[in-house]
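**Student:** Okay, sequence plus prediction incoming.
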Amino acid sequence: KAGVTQTPRYLIKTRGQQVTLSCSPISGHRSVSWYQQTPGQGLQFLFEYFSETQRNKGNFPGRFSGRQFSNSRSEMNVSTLELGDSALYLCASSEAASNTGELFFGEGSRLTVL
Amino acid sequence: DQQVKQNSPSLSVQEGRISILNCDYTNSMFDYFLWYKKYPAEGPTFLISISSIKDKNEDGRFTVFLNKSAKHLSLHIVPSQPGDSAVYFCAAKGSAGNQFYFGTGTSLTVIP
């Protein structure tokens, strides 16, 4: 089974631009979550999608948005980029709606905002 | 507000000895806890989990202990190996939804 695939792996943007990151979950996984990792902050939860619906949202401004498609692939978008948005963005998928299963992470998309 | 805390940013251990990584949480509604390992330029990989109905779970060299009254969990690695050198994150979630709360990580270095 292929793992979680995130594209692009690396990207550089300038302040004020917007960016779209893509995530393909493990086949059969319907839940997709996004996390932001910055030095000293650990992994901060952005949002979770299940069956094309956003079920949970973390404490991030409205500039951060996402969506999930019928094939469970997900995208997240960050508009009006700020320097502080520079981070590793991790996508994770899991099998069921709410379970005791673990998250399976992709390798992440490293965003640098100049 | 950080609901899951790892107060030791780094830990160095001699090969063959025990590594003990600690994690504290504040939310008493958390009932499922996990440890992840992360190498540079890779995503976190699942290591071991424990549900709140247990106080210990073992998997090979890895054992997780949960002390619910103290809201504390720890990961023991015995014996430690150089390949265990990585950043370790603990995570917790409640019974509703699929939102995990992660600590800030502990960087473990196992010295050969």
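**Tutor:** In hand now; what should we look at?

**Student:** Now chain B against chain A: closest residue?
**Tutor:** residue B:43 (3.4 Å; Cβ to the nearest Cβ). The way it works is simple: take the backbone N, C-alpha and C, and place the C-beta from them, glycine included.

**Student:** Pop out the phi and psi values for residue A:84.
**Tutor:** Dihedral pair for residue A:84: phi -70, psi -10, per degrees, to the nearest 10.

**Student:** what sits against it?
**Tutor:** By Cβ atoms under 8 Å, 6 or more residues apart in numbering or on different chains, the contact set of residue A:84 is residue A:113.

**Student:** before we move on, the earlier item: number of residues surrounding the nearest residue to the residue of chain B closest to chain A once chain neighbours are set aside?
**Tutor:** With sequence-adjacent residues excluded and distances taken as Cβ to Cβ, 6 or more residues apart in numbering or on different chains, residue B:43 is closest to residue A:105, at 3.4 Å. As a burial measure, residue A:105 scores 23 neighbours (other Cβ atoms under 10 Å in any protein chain shown).

**Student:** what's the answer for residue A:85, then?
**Tutor:** Using other Cβ under 10 Å, the number of residues around residue A:85 comes to 21.

**Student:** What helices and strands are in contact with whatever helix or strand residue A:35 lives in?
**Tutor:** Residue A:35 belongs to strand A:31-38 when elements are defined using DSSP states H and E. With contacts taken as 3 or more Cβ pairs under 8 Å, 6 or more residues apart in numbering or on different chains; DSSP states H and E, strand A:31-38 sits against strand A:42-50, strand A:74-78, strand A:87-94.

**Student:** mind checking pLDDT for the residue nearest to residue B:43?
**Tutor:** Model confidence at residue A:105, given as pLDDT, is 95.

**Student:** residues contacting it?
**Tutor:** Contacts for residue A:105 (Cβ under 8 Å, 6+ apart) come out as A:4, A:90, A:91, A:92, B:36, B:43, B:44, B:45.

**Student:** how about a cut-off of 7 Å?
**Tutor:** By Cβ atoms under 7 Å, 6 or more residues apart in numbering or on different chains, the contact list for residue A:105 reads A:4, A:90, A:92, B:43, B:44.

**Student:** can I assume the last one is in contact with residue B:89?
**Tutor:** Spelled out, it's residue B:44. Yes: counting by Cβ atoms under 7 Å, residue B:89 is a contact partner of residue B:44 at 6.0 Å.

**Student:** Nearest spatial neighbour of residue A:42, chain-adjacent residues omitted?
**Tutor:** Nearest residue to residue A:42, sequence neighbours excluded (Cβ to Cβ, 6+ apart): residue B:104, at 3.8 Å.

**Student:** Secondary structure element holding the one you found?
**Tutor:** Using DSSP H and E, residue B:104 sits within no helix or strand.

**Student:** can you check the one 4 residues further on too?
**Tutor:** For residue B:108, the enclosing helix or strand under DSSP H and E is strand B:106-111.
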